[in-house]
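Engineer: With the input below, show me the fold.
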Amino acid sequence: MVVRPYEARDRAGVRDVCFATGYMGDPIAWQWRDRDSFADLFSGYYTDREPASALVADLDGQVVGYLLGCRDSTAVPDPAPMMVRHLVGRALLVRPGTAGVLWRSIGDVAVGVVRGRGLDTELHDPRWPAHLHINLLPVARGGGVGRRLVSTWLDALRADGVSGCHLGTWGENAGAIAFFESSGFRRHGPPRPMPGMRSPTGARHTTQWMVQDLGSGRRS
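Structural biologist: The predicted model follows:
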């Protein structure tokens with residue numbers, strides 16, 4: 001298993017891993033069946049606009065995991081135009097396999113607005129300008145690969161003088177939260193409602209923001 005910088009030839013493999021691990025490390029297809037739109041939303045910016053901040057776990061030439069990073073979260077463009085293109089071009093609002101989660105998302109956002117509660121889809125705080133997404137296929141788990149990906153990314157941020165890094169993970173994924181805490185991150189605020197996504201039993205999901213200082217030592 002090799003941890004190395006992302007290369008253009010890895011794009012398809014990253015998209016495959018993204019879709020295969022999209023639900024707390026498990027396949028997302030049962031809830032969002034359209035692979036291309038899901039991969040565009042959650043990996044497209046990093047592979048296409050900031051590839052120098054991406055790392056992959058390579059097993060015999062196959063991408064089995066990745067860390068997709070961003071040094072300045074304010075530079076990420078609003079995903080709404082891309083989402084509209086998929087909604088129209090791929091008819092996601094009426095297609096089985098995507099219509100349910102999208103209409104729930106619209107309903108969740110509307111209810112949040114009525115109740116005066118925003119749905120935090122990104123954390124913008126100058127103390128932690130960088131962020132990351134990490135996913136591993138089962139074959140890459142348990143051998144320290146995730147820790148190598150995270151430590152390599154954080155070391156690069158420190159070398160560049162970046163003050164801090166944040167991430168969002170599923171509030172219900174205790175294993176992921178424990179992993180990030182062991183990697184130096186801490187929880188930032190309570191879990192926040194996640195629009196659209198539901199558990200197999202219909203329960204609401206949340207996002208837990210986590211942060212790590214890389215130089216200033218400041219605490220939330």
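
Engineer: which residue is nearest the middle of this protein?
Structural biologist: Nearest to the mean C-alpha position of the chain, by Cα atoms, centre = their mean, lies His133 at 4.1 Å.

Engineer: Report whether that one is found in a strand, as I expect.
Structural biologist: Yes. Under DSSP: H, G, I helix; E, B strand; the rest coil, His133 falls within a strand.

Engineer: Contact partners for it?
Structural biologist: By Cβ atoms under 8 Å, 6 or more residues apart in numbering, the contact set of His133 is 42-43, 46, 66-69, 167. (C-beta placed from N, C-alpha, C; glycine too.)

Engineer: which two from those residues end up farthest apart in space?
Structural biologist: Ser43 and Leu167 (14.8 Å; Cβ to Cβ).

Engineer: Chain neighbours aside, what residue packs nearest to Arg15?
Structural biologist: Ala39 (3.8 Å; Cβ to Cβ, 6 or more residues apart in numbering).

Engineer: right, and that neighbour touches Val17 too?
Structural biologist: No. Between Ala39 and Val17 there is no contact under Cβ atoms under 8 Å: 9.3 Å.

Engineer: More neighbours: which of these two?
Structural biologist: Val17 (24 against 20; other Cβ atoms under 10 Å).

Engineer: element containing that one, please.
Structural biologist: helix 11-20 (DSSP states H and E).

Engineer: what helix or strand does the residue nearest to Arg15 sit in?
Structural biologist: helix 35-39.

Engineer: Go ahead and name everything in contact with that helix.
Structural biologist: Taking Cβ under 8 Å, 6+ apart as the rule, helix 35-39 contacts 14-15, 18-19, 22, 28-29, 32, 83, 86, 90, 92, 98.

Engineer: What residues sit buried inside stretch 59-74?
Structural biologist: By 16 or more other Cβ atoms under 10 Å, the buried positions in stretch 59-74 come out as 63-71, 73.

Engineer: do the same with stretch 129-147
Structural biologist: 129-137, 140-141, 145-146.

Engineer: Counting neighbours, what do you get for Ala20?
Structural biologist: Counted by other Cβ under 10 Å, the residues lying close to Ala20 total 18.

Engineer: meant to ask about Val14
Structural biologist: Around Val14 there are 24 residues (other Cβ under 10 Å).

Engineer: likewise the one 10 residues further on?
Structural biologist: As a burial measure, Met24 scores 15 neighbours (other Cβ under 10 Å).

Engineer: wouldn't it be in contact with Glu172 here?
Structural biologist: Yes. Assessed by Cβ under 8 Å, Met24 is found in contact with Glu172 at 7.2 Å.

Engineer: doesn't Pro27 make contact with Thr21?
Structural biologist: Yes. Using Cβ under 8 Å, Thr21 is in contact with Pro27, at 7.4 Å.
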